[in-house]
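**Student:** Give me a 3D structure for the following:
(chains A, B, C and D)
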2 protein chains.
Amino acid sequence: MKEIFTGGTGGNGGNGGAPPAPAALAAKVRTLAPSMTRSMQRVAEAVAGDPAGCAALTVTGLAELTGTSEATVVRTARLLGYPGYRDLRLALAGLAAQQQSGRAPAVTADIAVDDPIADVVAKLAYDEQQTLADTAAGLDTAQLGAAVSALAAARRIDIYGVGASALVAQDLAQKLLRIGILAHAMGDPHLSVTNAVLLRSKDVAVAITHSGSTGDVIEPLRVAFEHGATTIAITGRPDGPVSQYADHVLTTSTARESELRPAAMSSRTSQLLVVDCLFVGVAQRTYETAAPALAASYEALAHRHSPRSR
Amino acid sequence: MKEIFTGGTGGNGGNGGAPPAPAALAAKVRTLAPSMTRSMQRVAEAVAGDPAGCAALTVTGLAELTGTSEATVVRTARLLGYPGYRDLRLALAGLAAQQQSGRAPAVTADIAVDDPIADVVAKLAYDEQQTLADTAAGLDTAQLGAAVSALAAARRIDIYGVGASALVAQDLAQKLLRIGILAHAMGDPHLSVTNAVLLRSKDVAVAITHSGSTGDVIEPLRVAFEHGATTIAITGRPDGPVSQYADHVLTTSTARESELRPAAMSSRTSQLLVVDCLFVGVAQRTYETAAPALAASYEALAHRHSPRSR
DNA sequence: GCCGCCGGTGAAAATTTCCTTCACGTCATT
DNA sequence: AATGACGTGAAGGAAATTTTCACCGGCGGC
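**Tutor:** The predicted model follows:
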């Protein structure tokens, strides 16, 4: 076995004084540079200058790059406090990752026309995450709880939404249907109204509108409200007209929009979170029936998927 | 100069030529876990669970730790998108450093039946945020860029999706239509196929399926593919059958699901992010026509939002 | 001025680590 | 029950890393 002796006292067999430095590498290089020979300095310099690049190289590669030999590279690694080149390389990779992630937070800017695609992804993801956090923070859990209760006890549920919100309405309806709750997404304003007339006190109507003032959605909600149904509004403008006819108002967050980033994008994210909360809440309340229903729908789906995928 | 070319010529299929992932490893593990064998899963689990610890291990060590063989470890590394174990280990070190500097990994408890509603909101929001981060990290920007190019230049775009993915398909279609691009969301499998026959080389077909093996969606994509259209798949299982007929595969992340949190929930979040990225990318490329179109659609909507209802 | 010591250096051997091939066991299918 | 496909690990081969060792150039002593 190897018995590298480095004059350190305390340690058991291992390397003496320094534990493998995690990220203070550049500093270490500068500190130790004077005590290095010329070739070693070249290696250390390369390593400190481009951690990511060097991490991709093998001993031989780094030796060639710096015009030195493999032995020198290993010696340098030792001097920097690592057992060998392998470990230096590992630390190097860590360092690279670290300064990569450190660079990340600079994505708060708006999306520009000439942004590279990678930036677009980062910015969109970041924005949507922000939207989620805002929505969660701004949600009134009391209202949410009340809405859940109403939904869980409903005989029939009608959900109104047009445009982008129509998809959210459908999403909610789909989910509720899956756990055996009679929910219908209404896209067509006329149908919505004519159906709203049929709602009674045990029923629930849900209106989804970002602006809070979409006439096509407010109208059926009003009708439902006046017929005694419990009404829920999911809107980004709780002070808008829609709240007038809503027993429970759930507020979605409103992120800033830009030319390339229409409001529909973040409002949808926000609305979907609310819808998910409603769904999970309802599923909890009706767990006895929801659980088998969910299981059954998995089962049914399995048969639509081709036999093998593994 | 190594010339290692893993011989899988049979179908380019498999993983869509992903570059070594930077730090989206946990996500990748979750994405690919289903397509792994038991032993590989053990390895992947160990790796995802303790990146720092595993980075310190050699192939043999990790094999012993997981009670498998070296070959299995290497296979797992390959599956995760690295050329071999060495590179996985490097990435692992990077990940470890990253989550060292960043704060706690933040554990998420599952949603329980008796969670208070406030917890449900918090957990859902957190999970969806996580999903977004994972998706963004795991997205292959090269594939994305290629998909964007295809969409921007398309004469006609058909989008297939059933179930929860149908909503995502509609979302994409809606958005593209708004900037003057002829996109249609196809819900009905029969209609999808009959329309797919009409597609030609300048056209694009998009299939959205979480499982990657939804026959109703694969079939039209296949037809489109065989008729020379450019095909894009948005799926959580890039190794699934759907990729077979896809020129470009965009991978969505797969969060762990639980009884109260069906897969549809996070997959939808993930899919929507991808769709948003596509949309913004296309809007960038076609800015000349997209900008006025977007402005015009705002204008048109404004009239539906009367301060007073109707 | 010549010689020998010595640190610095790299080429090549030695070793570890990693990767590939192949054969065996297991499970599912027919 | 036979067959085939697949997952799995053991052993051998390739590549990496580490160690050894010999060379080179400079410096001081003889």
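**Student:** Quick check: residue A:211 touching residue A:238?
**Tutor:** No. Counting by Cβ atoms under 8 Å, residue A:211 stays clear of residue A:238, with 11.7 Å between them. Every residue, glycine included, has its C-beta placed from N, CA and C.
**Student:** ok, those two, which is more surrounded?
**Tutor:** residue A:211 (21 against 18; other Cβ atoms under 10 Å in any protein chain shown).
**Student:** need the contact list for that one.
**Tutor:** A:235-237, A:240, B:305 (Cβ atoms under 8 Å, 6 or more residues apart in numbering or on different chains).
**Student:** Could you do residue A:238 as well?
**Tutor:** Applying Cβ under 8 Å, 6+ apart, the residues contacting residue A:238 are A:212, A:249, A:251.
**Student:** Okay, now the unreliable bits of the stretch 51-200 of chain A?
**Tutor:** A:100-109 (pLDDT under 70).
**Student:** Strands of that one, start to end?
**Tutor:** A:157-160, A:183-186 (DSSP state E, counting those that start in this stretch).
**Student:** Which single residue of the stretch 51-200 of chain A approaches DNA strand D most closely?
**Tutor:** Here the stretch 51-200 of chain A gets closest to DNA strand D at one residue, residue A:84, 1.9 Å apart by Cβ to the nearest atom of the strand.
**Student:** any idea how far that residue is from chain B?
**Tutor:** 12 Å (Cβ to the nearest Cβ, to the nearest Å).
**Student:** picking that back up, which of the contacts of residue A:238 has the most neighbours?
**Tutor:** residue A:212 (25 neighbours).
**Student:** With adjacent residues omitted, what lies nearest to that one?
**Tutor:** Once flanking residues are discounted, residue A:212 sits nearest to residue A:240: 2.4 Å by Cβ to Cβ, 6 or more residues apart in numbering or on different chains.
**Student:** ok, now which ones touch that neighbour?
**Tutor:** So residue A:240 contacts A:209, A:211-213 (Cβ under 8 Å, 6+ apart).
**Student:** Phi first, then psi, for it.
**Tutor:** phi -80, psi 170 (degrees, to the nearest 10).
**Student:** Now the terminal residues of stretch A:241-251, how far apart.
**Tutor:** 14 Å (Cα to Cα, to the nearest Å).
**Student:** That one - what's its average pLDDT?
**Tutor:** Average pLDDT, stretch A:241-251: 90.
**Student:** show me the contacts for residue A:239.
**Tutor:** residue A:212.
**Student:** And the residue nearest the centre of chain A?
**Tutor:** residue A:129 (5.2 Å; Cα atoms, centre = their mean).
**Student:** That one reaches residue B:132, doesn't it?
**Tutor:** Yes. At 5.3 Å, residue A:129 counts as touching residue B:132 under the criterion of Cβ under 8 Å.
**Student:** Can you check which residues contact both of those two?
**Tutor:** Joint contacts of residue A:129 and residue B:132 (Cβ under 8 Å, 6+ apart) do not exist.
**Student:** follow-up on the earlier one: from the contacts of residue A:211, which shows the smallest pLDDT?
**Tutor:** Ranking the contacts of residue A:211 by pLDDT, residue B:305 lands last with 55.
**Student:** about what we covered before: may I ask which of the contacts of residue A:211 has the most neighbours?
**Tutor:** Result: residue A:235 is most packed of the contacts of residue A:211 (other Cβ under 10 Å), 30 neighbours.
**Student:** Dihedrals phi and psi, it?
**Tutor:** phi -150, psi 160.
**Student:** do the same with residue A:252
**Tutor:** phi -100, psi 160.
**Student:** now swap in residue A:204 and tell me
**Tutor:** phi -130, psi 140.
**Student:** from what I can see it touches residue A:148, true?
**Tutor:** No. Contact status for residue A:204 versus residue A:148: not in contact, 10.6 Å apart, counting by Cβ under 8 Å.
**Student:** can you pull the buried residues of stretch A:189-209?
**Tutor:** A:189, A:192-193, A:195-196, A:199, A:203-209 (16 or more other Cβ atoms under 10 Å in any protein chain shown).
**Student:** and of these, the nearest to chain B?
**Tutor:** residue A:209 (8.8 Å; Cβ to the nearest Cβ).
**Student:** contacts with DNA strand C among the contacts of residue A:211, please.
**Tutor:** By Cβ under 7 Å from any atom of the strand, no member of those lies near DNA strand C.
**Student:** got those as CSV, with distance to DNA strand D columns?
**Tutor:** Output for the contacts of residue A:211, formatted as CSV (distance: Cβ to the nearest atom of the strand, whole Å):
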residue, distance to DNA strand D
A:235, 49
A:236, 48
A:237, 53
A:240, 55
B:305, 55
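**Student:** Let's have these in TSV, adding distance to residue B:265.
**Tutor:** Listed next are the contacts of residue A:211 as TSV, based on distance: Cβ to Cβ, whole Å:
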residue	distance to residue B:265
A:235	22
A:236	21
A:237	26
A:240	28
B:305	30
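**Student:** and of the contacts of residue A:240, the nearest to DNA strand C?
**Tutor:** For these, the nearest to DNA strand C is residue A:209 (49.3 Å; Cβ to the nearest atom of the strand).
**Student:** Just the pLDDT for that closest one.
**Tutor:** 92.
**Student:** can you pull the contacts of it?
**Tutor:** Residue A:209 touches A:161-162, A:165, A:217-218, A:233-235, A:240, A:242, counting by Cβ under 8 Å, 6+ apart.
**Student:** show me what contacts the residue nearest to it when sequence neighbours are not counted?
**Tutor:** Residue nearest to residue A:209 in three dimensions, not counting chain neighbours: residue A:217, with 4.7 Å by Cβ to Cβ, 6+ apart. Contact partners of residue A:217, counting by Cβ under 8 Å, 6+ apart, are A:160-162, A:165, A:189, A:192, A:207-209, A:242.
**Student:** how close does residue A:217 sit to residue B:98?
**Tutor:** Using Cβ to Cβ, to the nearest Å, residue A:217 is found at 45 Å from residue B:98.
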